[in-house]
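Visitor: What follows is a protein structure lacking sequence information:
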C-alpha cells in the first residue's frame, strides 16, 4: 500500500535529487522515496545495545573513527550501484542494495561521531576545512 504525499522542496534539494535520478536512470519520486526510507530506517534501526560514542574508551573512540565497510560488502554495494545505474537491478538486488546502503550510512554516522569525540577529547587534531 502506498500513500501519495505532496512535498515542497527547496530548489537546491530538488536539483540534487533530480541529478541523482538522472544518474541512476530513475524517477525523482523513486529517489526521494528511497532516501526517506533509508533515513527513517536508520532512526528506528539503532540497536539499544550500541554504546554511545561519548561513553567509549579513548582507544575505542579512535578505533571507531577509522571504521570502514567490510571489503566484501563494499564490493557488492559497488556492483549493485553500477547495475542500478545501468537499469539492470532486480527487486531483490534493490533490497540488498538498500540494506548495504544502510550499513554504509550507519558506519559513516558512527565514524563521524567518533571523529567528533576524538577531537573533543584531544585525541586527534580537527580535520582541515
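Guide: That came through fine. If you're wondering where the values come from, they're calculated on a predicted model, not measured in any experiment. Residues are numbered from 1 along each chain as shown.

Visitor: Please make it C-alpha for all contacts and neighbour counts, starting now.
Guide: Noted.

Visitor: quick one: low-confidence ranges for this protein?
Guide: For the chain, residues meeting the criterion pLDDT under 70 lie at 38-48.

Visitor: tell me the centre residue of it?
Guide: Nearest residue to the geometric centre of the chain (Cα atoms, centre = their mean): residue 105, 2.5 Å.

Visitor: Break this protein down into its domains, please.
Guide: Structural domains annotated on the chain: 1-45, 48-129, as defined by automatic domain parsing.

Visitor: which stretches of this structure form strands?
Guide: Using DSSP state E, no strands are found in the chain.

Visitor: For residue 108, give me its contacts.
Guide: Residues near residue 108 by Cα atoms under 8 Å, 6 or more residues apart in numbering: 67, 68.

Visitor: Next one: it from residue 102, what distance?
Guide: Between residue 108 and residue 102 the computed distance is 10 Å (Cα to Cα, to the nearest Å).

Visitor: Could you do residue 72 as well?
Guide: As judged by Cα to Cα, residue 72 and residue 102 stand 15 Å apart.

Visitor: The two: who's more crowded?
Guide: Under the neighbour definition other Cα atoms under 10 Å, residue 72 and residue 102 were set side by side, and residue 102 has more, 18 against 9.
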